[in-house]
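*Asks:* Need a 3D model of the sequence below.
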Amino acid sequence: MTKKALKLYEFIKSYINNNKYSPSYEEMKDFMNLKSKSSIFQYIEYLINQKLIYKDPLRARSLKISSSNTKINFYDEISAGKPIDINNNIIKQVDAEDLLQLNFGNKDTFACKINGNSMNSFGIHHGDTVLLVKPDFINEKKIYAVQIDNSDITLKKIKINKETVSILGDELNFKSTTYNKERVKILGKMIKLIRTYK
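*Replies:* The predicted model follows:
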């Protein structure tokens, strides 16, 4: 990283820590003693590419400091059956965020912790965390976070009918229910499951 890029990064980090929001491009330009903001745009793009910061392109003062830039060892293969020899040549370093495929710069991405057992038959258990993204379209084979009557939020499979939406879960632990469409808001589509073993 260049000294100037590091200087701007440290300024942005300090500014966010003190103000809880990011500096304006004008403030960054003044801090860096530049005549125009064009260089600031280039520095910001560089810092984003380095995964040090991210931003919401649709909002002002939306720069955020990336939560981590952690590299971990990655093995291309591990057997769940017959043991295999580990070849050290296949060990490589990957970024933990890339491995989880988390896009922290996407304002439409969010996570929920599961409370209950109504999705057990789909492999989703109490205490799991699911990552969701705002859906572009509905696929009834996928799993969604839905809100009923602008109140309760639940993770379920759904079936869209002409005037109603059916909410489907584990048949052993959940009785399917049907609501008029106007009562149901589809908040997100599940894209990843995170489970912690203790």
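
*Asks:* mind listing what's buried in the lengthiest helix in the chain?
*Replies:* Criterion DSSP state H: the longest helix present in the chain is helix 3-19. By neighbour count on 16 or more other Cβ atoms under 10 Å, the buried set for helix 3-19 is 5, 8-9, 12, 15-16. All C-beta atoms are positioned from the backbone trio N, CA, C, and that covers glycine.

*Asks:* buried ones in the lengthiest strand in the chain?
*Replies:* Longest among the strand segments of the chain by residue count, using DSSP state E, is strand 184-194. Neighbour-count burial for strand 184-194 flags 184, 187-191 (criterion: 16+ other Cβ under 10 Å).

*Asks:* helices and strands around it, which ones?
*Replies:* strand 129-133, strand 143-148, strand 152-160 (3 or more Cβ pairs under 8 Å, 6 or more residues apart in numbering; DSSP states H and E).

*Asks:* and with 6 Å instead?
*Replies:* If you count contacts as 3 or more Cβ pairs under 6 Å, 6 or more residues apart in numbering; DSSP states H and E, strand 184-194 packs onto strand 129-133, strand 143-148.

*Asks:* so what strands line up beside it?
*Replies:* Within its sheet, and counting by DSSP bridges, strand 184-194 is paired with strand 129-133 (antiparallel), strand 143-148 (antiparallel).
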